[in-house]
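Novice: Sequence isn't available, so here's the structure alone:
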């Protein structure tokens, strides 16, 4: 089945289905995240390289995707914050996520909320009491999404990237004891690989994520624009 876009759909698109991203789809997910994060700002070359090589994140989390029909529309990395310490000073068992992004043509279709739903389910299954994350102060659409979902700012857990040059805001969501809804977790359909990501022009100012063979595991070395690209 060919990939569809919202403008091509004769009827409303189906609800998003969130599932673990199979290895064959990691390149497509990486290109999607690069488009999502590069839609509003040029990406530092080393951070673009990390998005296009998502296997580097696998030692700290699990890659999940959000599908609409047979189209990969979004995704992220789920992490156990108690093990990684990504968001500092957890007051109790927590999970979290990084690099949440939605492909620009699919924004506004419920993909980001479906991904948040799955983070809550994933955390509950692991005995976590909350979901925590970092986001940059300038990412207002992400803040509106988190706050409308029920995330609460935790300024005492704020951090930064590259000393004090790029502050990071902490948010936390308390997981309810019983689920209100469980997102679909079916095996995702085959994905049509998106076209190659346009990597130019790129600004070459100081990069926000250091290059390396393994992903950055602490808040102090994550990109300030990482949390959500909506």
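Specialist: Ah, there it is. Owing to the predicted nature of the structure, the values given are computational and were not obtained by experimental measurement.
Novice: Tell me, how many residues neighbour the closest residue to residue 127 other than its chain neighbours?
Specialist: Distances taken as Cβ to Cβ, 6 or more residues apart in numbering place residue 93 nearest to residue 127, at 5.8 Å, with adjacent residues excluded. Backbone N, C-alpha and C define where each C-beta goes, glycine included. By other Cβ atoms under 10 Å, the residues close to residue 93 number 15.
Novice: cool, residue 79 as well?
Specialist: 25.
Novice: is it true that residue 171 touches residue 151?
Specialist: Yes - the pair residue 171 / residue 151 is scored as a contact, 4.1 Å apart, by Cβ atoms under 8 Å.
Novice: Which neighbours do these two have in common?
Specialist: In the contact map built from Cβ atoms under 8 Å, 6 or more residues apart in numbering, the residues linked to both residue 171 and residue 151 are residue 133.
Novice: which residues does the most centrally placed residue in the chain bridge with?
Specialist: The chain has residue 100 as the residue nearest its centroid, 1.3 Å off, counting by Cα atoms, centre = their mean. Beta-bridge pairing of residue 100 under DSSP bridges involves residue 228.
Novice: can you pull the pLDDT of it?
Specialist: pLDDT for residue 100: 96.
Novice: One more: the one 5 residues further on?
Specialist: The score at residue 105 is 95. That number is its pLDDT.
Novice: now it: how far from residue 53?
Specialist: 24 Å (Cβ to Cβ, to the nearest Å).
Novice: tell me the contacts of the residue nearest to residue 127?
Specialist: Residue 93 sits next to 82, 126-130 when contact means Cβ under 8 Å, 6+ apart.
Novice: cutoff 6 Å now
Specialist: Residues near residue 93 by Cβ atoms under 6 Å, 6 or more residues apart in numbering: 82, 127-129.
Novice: Need the contact partners of the longest helix along the chain.
Specialist: When the chain is scanned for its longest helix (criterion: DSSP state H), the result is helix 111-125. By Cβ under 6 Å, 6+ apart, the surrounding residues in contact with helix 111-125 are 16, 18, 66, 73-74, 76, 78, 95, 97, 100, 102, 131, 145, 149, 175, 183, 230.
Novice: Mind listing the strands the helix or strand that comes right after that helix pairs with, and their directions?
Specialist: Downstream of helix 111-125, the first helix or strand assigned by DSSP states H and E is strand 130-135. Neighbouring strands of strand 130-135 in its sheet, by DSSP bridges, are strand 94-102 (parallel), strand 166-174 (antiparallel).
Novice: Show the average pLDDT along strand 130-135.
Specialist: 95.
Novice: One more: stretch 78-94?
Specialist: Here the average pLDDT along stretch 78-94 is 90.
Novice: and what of stretch 172-186?
Specialist: 71.
Novice: ok, now stretch 154-169?
Specialist: The average pLDDT for stretch 154-169 rounds to 83.
Novice: Same question for stretch 31-46.
Specialist: Computed over stretch 31-46, the average pLDDT equals 91.
Novice: Report how far apart the opening and closing residues of it are.
Specialist: 14 Å (Cα to Cα, to the nearest Å).
Novice: the strands in this protein, which residues?
Specialist: Secondary structure of the chain by DSSP state E: the strands cover 17-20, 61-68, 71-79, 94-102, 130-135, 152-153, 159-161, 166-174, 228-229.
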